[in-house]
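Engineer: Output the structure for:
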Amino acid sequence: MIRTFIAISVPGEIKKNISDLQRKLKQSKGIVKWIRTESMHLTLKFLGDVEEKRILSVADAVQHAAGPQQPFTISLGGTGVFPHPGRPRVLWVGVNQGKEILTSLAGSIDNSCTDLGFKPEKRKFSAHLTLGRVKSQQGIEHTLRDMNTADFQAGSFQADRIIVMQSELKPEGARYTPLHTIKLEG
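Structural biologist: The predicted structure is shown next:
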């Protein structure tokens, strides 16, 4: 079984800008498990454990769902939390430009994967890049204050491919390996 998800990679310059924000936020008193720079991505669909022999079918389903999409611009900026500021569990960077296309792609990919027998997503898609996961509420208000005053803009990039990715959980954090790349060709 291969732990699998579908995502858009983020270029190195954008990752560096987000990593700089993380570095600033680490100085606050919040207890957060920060996402490693090399692991940053925009998730479109998490599939969970998938039999190896089904991975090609997943890639074909993503190609069918996303192949008609032209490359498009994604702009990342602003910060927020899930599920709500009173008890945050996830800290994130938002999507400014490209949100509608990402939402449409996520819906199409979800439908194509559902046709393969995967469970449909119950939650409404929310385009974001995870900064970190809150491990304790103690001191988190300082991190939230610093996030809210950052007026953070990570930058923009051209999204031209979607990746079917393997996720291996390791003690030092998840390690991601691309399995298939689907080019957005319109």
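Engineer: Tell me which residues of stretch 146-158 come out buried.
Structural biologist: Asp146, Met147, Phe152, Ala154, Gly155, Ser156, Phe157 (16 or more other C-beta atoms under 10 Å). No exception for glycine: its C-beta is placed from N, CA and C like everyone else's.
Engineer: first to last residue in that stretch, what's the distance?
Structural biologist: Using C-alpha to C-alpha, to the nearest Å, one end of stretch 146-158 lies 29 Å from the other.
Engineer: State the mean pLDDT of that stretch.
Structural biologist: For stretch 146-158, mean pLDDT is 90.
Engineer: So which residues lie in contact with it, not counting its own?
Structural biologist: Contact with stretch 146-158 is made by 10-11, 13-14, 17-18, 21, 24-25, 27-28, 71-81, 91, 93, 97, 129, as judged by C-beta atoms under 8 Å, 6 or more residues apart in numbering.
Engineer: again, but for stretch 63-76
Structural biologist: So stretch 63-76 is contacted by 8, 10, 14, 18, 42, 93-98, 101-102, 105, 108-109, 111-112, 129, 153-160, 162, 182-186 (C-beta under 8 Å, 6+ apart).
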